[in-house]
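In: sequence-free structure coming up:
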């Protein structure tokens, strides 16, 4: 299969890489289809591939020693996973799972490490991306500690909306409860709050964003700072 043309590349990182650098790494990219539930990496297991999503959404899932699980971060066409690959570690730090049907380009881990050492611009871009993701993780921790469940849900829906085309997001109550680390009744109550205010339409297995500006206002300071930091870090990078 021929290397994907950069002009058609939907992954944000690969699309802004300088053309000579992109042409160097493009032959190592393989297109893959990733249905919901696909496990891209398992905590403690070797990293086989690095993935650059072009569509869909995935989650970084942290697990306690007792087996309790919660989402630590969200990714889509804006980044790459597993993030631990940038540090040269050979093992996944967390589970990495697809939550909305996705497509991606993947690269063999050893080849990725080769390019990280040989291609200065790729190295710079990956480090900027991991810094932006670290800001997201920090704000997830802040939000979990300070915000009500309905505000956290508003933030999470906005983050998902940023990474999909259109206003519909195929999500179940069960999955949302895992992502927010709350019980399903809390998710149902919070969805009713958002729907009652006209921000969303919640149907079985599907959520439609109806009034994004109002949803952002409702989320208050739970949303916005990591998104601004991502734009700052990627602006005029090359």
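Out: Sure, I can see it. What you see is a predicted model; the values in this text were computed from it and never measured. Numbers count the residues shown, from 1 in each chain.
In: helices or strands up against the helix or strand encompassing residue 53?
Out: Residue 53 belongs to strand 49-63 when assigned by DSSP states H and E. The contact analysis (3 or more CB pairs under 8 Å, 6 or more residues apart in numbering; DSSP states H and E) places strand 49-63 against strand 30-34, strand 39-41, strand 69-75, strand 95-108, helix 109-118. Heads up, the C-betas are built off the backbone N, CA and C, glycines and all.
In: what comes up buried for it?
Out: Residues 49-62 are the ones in strand 49-63 that count as buried (16 or more other CB atoms under 10 Å).
In: okay, now residue 131: neighbour count?
Out: Close neighbours of residue 131, defined as other CB atoms under 10 Å, add up to 12.
In: Could you measure from it over to residue 124?
Out: Shown here: residue 131 relative to residue 124, a distance of 11 Å by CB to CB, to the nearest Å.
In: Show me the residue at the heart of the protein, geometrically.
Out: With distances taken as CA atoms, centre = their mean, the residue of the chain nearest its centroid is residue 75 (0.7 Å).
In: Doesn't residue 215 lie inside a helix?
Out: Yes. Secondary structure of residue 215 (DSSP: H, G, I helix; E, B strand; the rest coil): part of a helix.
In: Show the pLDDT at it.
Out: Among the per-residue scores, residue 215 shows a pLDDT of 97.
In: now swap in residue 67 and tell me
Out: In this model, residue 67 is scored at 84, pLDDT.
In: before we move on, back to that, closest one of the buried residues of strand 49-63 to residue 40?
Out: residue 51 (5.6 Å; CB to CB).
In: quick one: contacts for the closest one?
Out: Counting by CB atoms under 8 Å, 6 or more residues apart in numbering, residue 51 makes contact with 32, 34, 40, 58, 80-82, 104-106.
In: Any idea what it is bridged to?
Out: Going by DSSP bridges, residue 51 is paired in beta bridges with residue 81, residue 106.
In: Can you give me the distance of residue 128 to residue 13?
Out: According to CB to CB, residue 128 and residue 13 sit 9 Å apart.
In: more neighbours, these two?
Out: Neighbour count, other CB under 10 Å: between residue 128 and residue 13, residue 13 has more, with 20 against 16.
In: Residue 84 and residue 109 touch, don't they?
Out: No. Using CB atoms under 8 Å, residue 84 makes no contact with residue 109, being 10.5 Å away.
In: Now the common contact residues for the two.
Out: With contacts taken as CB under 8 Å, 6+ apart, residue 84 and residue 109 have residue 47 as neighbours in common.
In: one step back: JSON lines please, covering the buried residues of strand 49-63 and showing distance to residue 145.
Out: Shown next, in JSON lines, are the buried residues of strand 49-63 (distance: CB to CB, whole Å):
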{"residue": "49", "distance to residue 145": "34"}
{"residue": "50", "distance to residue 145": "31"}
{"residue": "51", "distance to residue 145": "30"}
{"residue": "52", "distance to residue 145": "32"}
{"residue": "53", "distance to residue 145": "28"}
{"residue": "54", "distance to residue 145": "34"}
{"residue": "55", "distance to residue 145": "32"}
{"residue": "56", "distance to residue 145": "29"}
{"residue": "57", "distance to residue 145": "24"}
{"residue": "58", "distance to residue 145": "24"}
{"residue": "59", "distance to residue 145": "19"}
{"residue": "60", "distance to residue 145": "18"}
{"residue": "61", "distance to residue 145": "19"}
{"residue": "62", "distance to residue 145": "15"}
